[in-house]
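Undergrad: no sequence for this one, just the structure:
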């Protein structure tokens, strides 16, 4: 799996858009970018993934640069319930049963 | 859909006791897994199942048993609890060919005294 680099912590005001960056300069052609988050005392939650096109779902948007060396997770209107540790993971789609490795992630806080 | 459910949420055991952690999912997912999460260790895979009647070991299977008699349920049994098994346990499920889109349960916090 390609290595990812995320800022250790970020915060934003409630109601504002949050842009969480991730660098993955060693990503290979068949690897996708996945985002998870883990709210305190809860299980990890899958958010979104993408290969090279921008993606959007009901939770967030994912912007991947053209060279695929970095990406940004966008939470359009952050709420207090979005406070969590956010993990960027780069893996091939067919990873089998090798466990997800979350790394240290970004500790993201939404401020009222 | 309730998603992935786990019971109990909290449990305290004495060394040597046995118990079963329950996991159920109502999404008709073929794949189910058990992980443990310890501070600074990330997620470690204990056992997994690719379908009813099929189970296999992960990276830390010792001291745990699993069975998969139905698609919905995947219980984890601790045979003789040890303090080293104090952890947060997560059950997860996913569909075939979506290896990295996993749905996790809320977790069971287990303390072994």
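TA: Perfect, I can see it now. Because the structure is predicted, anything quoted here is derived from the model rather than measured.

Undergrad: what about the lengthiest strand in chain B and chain A, any contact?
TA: Ranked by number of residues, the top strand in chain B under DSSP state E is strand B:42-51. Yes: using Cβ under 8 Å from any Cβ of the partner chain, strand B:42-51 comes into contact with chain A via B:42-45, B:48, B:50. To be clear about C-beta, it is placed using only N, CA and C from the backbone, and glycine gets the same treatment.

Undergrad: what's the closest of these to chain A?
TA: Set against chain A, the nearest of the residues of strand B:42-51 next to chain A by Cβ to the nearest Cβ is residue B:45 (4.1 Å).

Undergrad: retrieve the pLDDT associated with that closest one.
TA: Here the pLDDT value assigned to residue B:45 is 89.

Undergrad: hang on, it packs against residue A:99?
TA: Yes: with contact defined as Cβ atoms under 8 Å, residue B:45 reaches residue A:99; the gap is 4.1 Å.

Undergrad: need the overlap of contacts for the two.
TA: Here residue B:45 and residue A:99 have B:33, B:35, B:58-59 as joint contacts, going by Cβ atoms under 8 Å, 6 or more residues apart in numbering or on different chains.

Undergrad: now do the contacts for residue A:17.
TA: Shown in contact with residue A:17 (Cβ under 8 Å, 6+ apart): A:74-78.

Undergrad: ok, now with 6 Å
TA: residue A:76 (Cβ atoms under 6 Å, 6 or more residues apart in numbering or on different chains).

Undergrad: can you pull the phi/psi pair for it?
TA: Main-chain dihedrals, residue A:17, degrees, to the nearest 10: phi -80, psi 140.

Undergrad: and the lowest-mean-pLDDT helix or strand in chain B, which strands flank it?
TA: Least confident helix or strand of chain B, by mean pLDDT, DSSP states H and E, is strand B:42-51 with a mean of 90. Partners of strand B:42-51 in the sheet, by DSSP bridges, are strand B:31-38 (antiparallel), strand B:54-57 (antiparallel).

Undergrad: hang on, the earlier thing: by neighbours, which of the shared contacts of residue B:45 and residue A:99 wins?
TA: Compared across the shared contacts of residue B:45 and residue A:99, residue B:35 has the highest neighbour count, 28 neighbours, by other Cβ atoms under 10 Å in any protein chain shown.
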